[in-house]
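Novice: build the 3D model from these lines:
(chains A and B)
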Number of protein chains: 2
Amino acid sequence: MSDGPKTVTAAVIVIGDEILSGRTKDLNLGFLAEALNDVGVQLREARFVADLEGEIVDAVNALRARFDYVFTTGGIGPTHDDITADSIGAAFGLAVDHNEEAMAILTAHYTHTGAEFNQARMRMARTPIGASLVENPVSKAPGFRVENVYVLAGIPSVCQAMFHSLKHELVGGDPVQSVAIAVHLAEGTLANGLTALQEKYPDVGLGSYPFYRDGRFGASIVARSQVPDRLADAAHEIRQMMRDLGGEPIEDDAQ
Amino acid sequence: MSDGPKTVTAAVIVIGDEILSGRTKDLNLGFLAEALNDVGVQLREARFVADLEGEIVDAVNALRARFDYVFTTGGIGPTHDDITADSIGAAFGLAVDHNEEAMAILTAHYTHTGAEFNQARMRMARTPIGASLVENPVSKAPGFRVENVYVLAGIPSVCQAMFHSLKHELVGGDPVQSVAIAVHLAEGTLANGLTALQEKYPDVGLGSYPFYRDGRFGASIVARSQVPDRLADAAHEIRQMMRDLGGEPIEDDAQ
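Specialist: Numbers count the residues shown, from 1 in each chain, chains lettered A, B, ... in the order given. Below is the predicted model of the structure:
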């Protein structure tokens, strides 16, 4: 009996009223989805929650039990509405206090910049006791990790830099590879053939994503698998099916 | 004793592996957040889930109990991976069958276009028994509603058109109005003053959103309230505080 592919999963929690109000468009979910996939971690769920401790605690506890990793973004600045550190502490039943290593980083930073290292800025050094830090090369105030939960900043450039700081710690599985093939055929024309192919290739996930471009409807068929040979075989059969139905397969660069 | 403002809430569930894989960037959450706010409904949570019935059922049942309205997007096409109708049926314990009104709409549509109204396309007429339809002026295959859960398409243009079809059914509360004021001051400089203002204006939510533009850090302070007079007073004091700290308040059009 051979081992199947190794699957490692993650969830993302985007924290902040400004995303839910529609005022700010989230950019971190798409980044994390791709960046995680690159290191063999599959994003399986995301939640967007308000700046309310109870909501954050519930989401963290629900997701950290179900997935290998959880990443939060947002709510780690110096102002009163930045409640992520306290919420993570509450989720784990840990006290939250000024982290010595974070205090040293911020003391050095503000000595260098000349800005006052006041009590509000010291909030950015607070973590649940025992947390390890995630380096922030952009603006210094660190993220942190408690068990399998990584706490990152909300500003996209900082979130991305923090992810690059921590990604060597992640233990990924076999990456999911994908092939996307678009065609100017209606989904309803492709559906029966796709169903048959999905039954033939249970280890290749087949998704159909309709689109409307240049005044024409079509569909992009995306095949995903952790087994490269099976992916290639399935993609070959998808292209053949499209031709049999009178369509011309187009390799879809947006994959 | 006067009544406080009336608050009506909603959650969104974005269904689809293609969003979680990072391949497709979601455009519906931002649209729905703004469109709901325009009709007096506040988006309070969003979940992105995979094309798995158990995940969809759990999200629908968790959120429909907690919020006035739930909107799902995605998974209502003709292909095997379109499992939203069945999942909504499972969430409500309702059988799923071809809806007569939807069959009539699609029969007329395919008679008009000349495309075959095959079994795959008939999948798009399936709803939980007793569901009411949501008109789709773009591509005809309707969305539907069961109790407080609205089921919309994933293609952004269709999702948006469906929302416009249904929005007259929504009973909104007092809208949340917002004022956003940016300043080139660090959050750590603003934090103490903001905390004091938040205590003075408990009926105005104050959020601080740091940014990095043109090589300079700053923060956008967003005040939100259902009470316009209080919002105006709080905004006035925020601007004054910024000036007292040596900053120049900038009305932030991105609000």
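Novice: alpha carbons of stretch A:23-36, as PDB, please.
Specialist: The C-alpha atoms that make up stretch A:23-36 are tabulated as PDB, following Å, rounded to 0.1, in the frame of the first residue of the first chain:
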ATOM      1  CA  ARG A  23     -14.500  50.800   2.600                       C
ATOM      2  CA  THR A  24     -11.200  48.900   2.200                       C
ATOM      3  CA  LYS A  25     -10.800  46.100  -0.200                       C
ATOM      4  CA  ASP A  26      -8.900  43.200   1.200                       C
ATOM      5  CA  LEU A  27      -5.700  42.300  -0.600                       C
ATOM      6  CA  ASN A  28      -4.300  39.800   1.900                       C
ATOM      7  CA  LEU A  29      -6.500  36.800   1.300                       C
ATOM      8  CA  GLY A  30      -5.500  36.500  -2.400                       C
ATOM      9  CA  PHE A  31      -1.800  37.000  -1.500                       C
ATOM     10  CA  LEU A  32      -1.900  34.400   1.300                       C
ATOM     11  CA  ALA A  33      -3.800  31.900  -0.900                       C
ATOM     12  CA  GLU A  34      -1.100  32.000  -3.500                       C
ATOM     13  CA  ALA A  35       1.900  32.200  -1.200                       C
ATOM     14  CA  LEU A  36       0.700  29.300   0.900                       C
END
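Novice: what's the average pLDDT for it?
Specialist: Per-residue pLDDT over stretch A:23-36 has a mean of 92.
Novice: for A:Leu27, which non-adjacent residue is closest in space?
Specialist: The shortest distance from A:Leu27 to any non-neighbouring residue, by Cβ to Cβ, 6 or more residues apart in numbering or on different chains, is to A:Pro156 (4.4 Å). To be clear about C-beta, it is placed using only N, CA and C from the backbone, and glycine gets the same treatment.
Novice: isn't that neighbour right up against A:Asn28?
Specialist: Yes. In this structure, A:Pro156 is within contact of A:Asn28 by Cβ atoms under 8 Å, at 6.0 Å.
Novice: give me the more crowded residue out of those two.
Specialist: A:Asn28 (25 against 15; other Cβ atoms under 10 Å in any protein chain shown).
Novice: and A:Leu63, how far is that from A:Gly215?
Specialist: 42 Å (Cβ to Cβ, to the nearest Å).
Novice: compare the two (neighbour count), which wins?
Specialist: More crowded of A:Leu63 and A:Gly215, by other Cβ under 10 Å: A:Leu63, with 24 against 5.
Novice: for the helix or strand encompassing that one, what is the average pLDDT?
Specialist: In this structure, A:Leu63 sits in helix A:53-66 according to DSSP states H and E. Helix A:53-66 shows a mean pLDDT of 98.
Novice: go on, stretch A:69-88?
Specialist: On average, stretch A:69-88 scores 96.
Novice: run the chain-centre distance for that stretch.
Specialist: 16 Å (Cα atoms, centre = their mean, to the nearest Å).
Novice: now the helix holding A:Leu63: buried residues?
Specialist: Residues A:55-60, A:62-64 are the ones in helix A:53-66 that count as buried (16 or more other Cβ atoms under 10 Å in any protein chain shown).
Novice: now, which of those residues lie close to chain B?
Specialist: Filtering these for neighbours of chain B using Cβ under 8 Å from any Cβ of the partner chain leaves A:Glu55.
Novice: and of the buried residues of helix A:53-66, the nearest to chain B?
Specialist: Among the buried residues of helix A:53-66, A:Glu55 lies closest to chain B (Cβ to the nearest Cβ), at 7.1 Å.
Novice: quick one: the strands in the stretch 51-200 of chain A?
Specialist: A:69-73, A:96-98, A:126-128, A:132-134, A:143-146, A:149-152, A:177-183 (DSSP state E, counting those that start in this stretch).
Novice: out of those strands, nearest to B:Lys167?
Specialist: In terms of Cβ to Cβ, the element of these nearest to B:Lys167 is strand A:69-73, at 30.3 Å.
Novice: just the angle between that closest one and helix A:53-66, please?
Specialist: 150 degrees (axes from the mean of the first three to the mean of the last three Cα atoms, to 10 degrees).
Novice: output the contacting helices and strands for strand A:69-73.
Specialist: strand A:9-15, helix A:28-38, helix A:53-66, strand A:149-152 (3 or more Cβ pairs under 8 Å, 6 or more residues apart in numbering or on different chains; DSSP states H and E).
Novice: rerun that using 10 Å as the cut-off
Specialist: With contacts defined as 3 or more Cβ pairs under 10 Å, 6 or more residues apart in numbering or on different chains; DSSP states H and E, the packing partners of strand A:69-73 are strand A:9-15, helix A:28-38, strand A:42-49, helix A:53-66, helix A:84-92, strand A:143-146, strand A:149-152, helix A:156-166.
Novice: would you put the C-alpha positions of it in CSV?
Specialist: The C-alpha atoms that make up strand A:69-73 are tabulated as CSV, following Å, rounded to 0.1, in the frame of the first residue of the first chain:
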residue,chain,number,x,y,z
TYR,A,69,-2.2,26.5,10.3
VAL,A,70,-4.2,29.6,10.9
PHE,A,71,-3.1,33.1,9.8
THR,A,72,-4.8,36.3,11.0
THR,A,73,-4.3,39.7,9.4
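Novice: direction included, what does it pair up with?
Specialist: In the sheet, strand A:69-73 lines up against strand A:9-15 (parallel), strand A:149-152 (parallel) (DSSP bridges).
Novice: dump those into JSON lines; add distance to A:Leu194 and mean pLDDT as well.
Specialist: Converted to JSON lines, those look like this (distance: least, Cβ to Cβ, whole Å; pLDDT from 0 to 100):
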{"stretch": "strand A:9-15", "distance to A:Leu194": "25", "mean pLDDT": "98"}
{"stretch": "strand A:149-152", "distance to A:Leu194": "37", "mean pLDDT": "98"}
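Novice: turn these into TSV, including mean neighbour count.
Specialist: Listed next are the strands paired with strand A:69-73 as TSV, based on neighbours: other Cβ atoms under 10 Å in any protein chain shown:
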stretch	mean neighbour count
strand A:9-15	25
strand A:149-152	26
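Novice: compile those strands into a markdown table and extend it with columns for distance to B:Glu147.
Specialist: Formatted as a markdown table, the strands paired with strand A:69-73 follow (distance: least, Cβ to Cβ, whole Å):
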| stretch | distance to B:Glu147 |
| --- | --- |
| strand A:9-15 | 27 |
| strand A:149-152 | 34 |
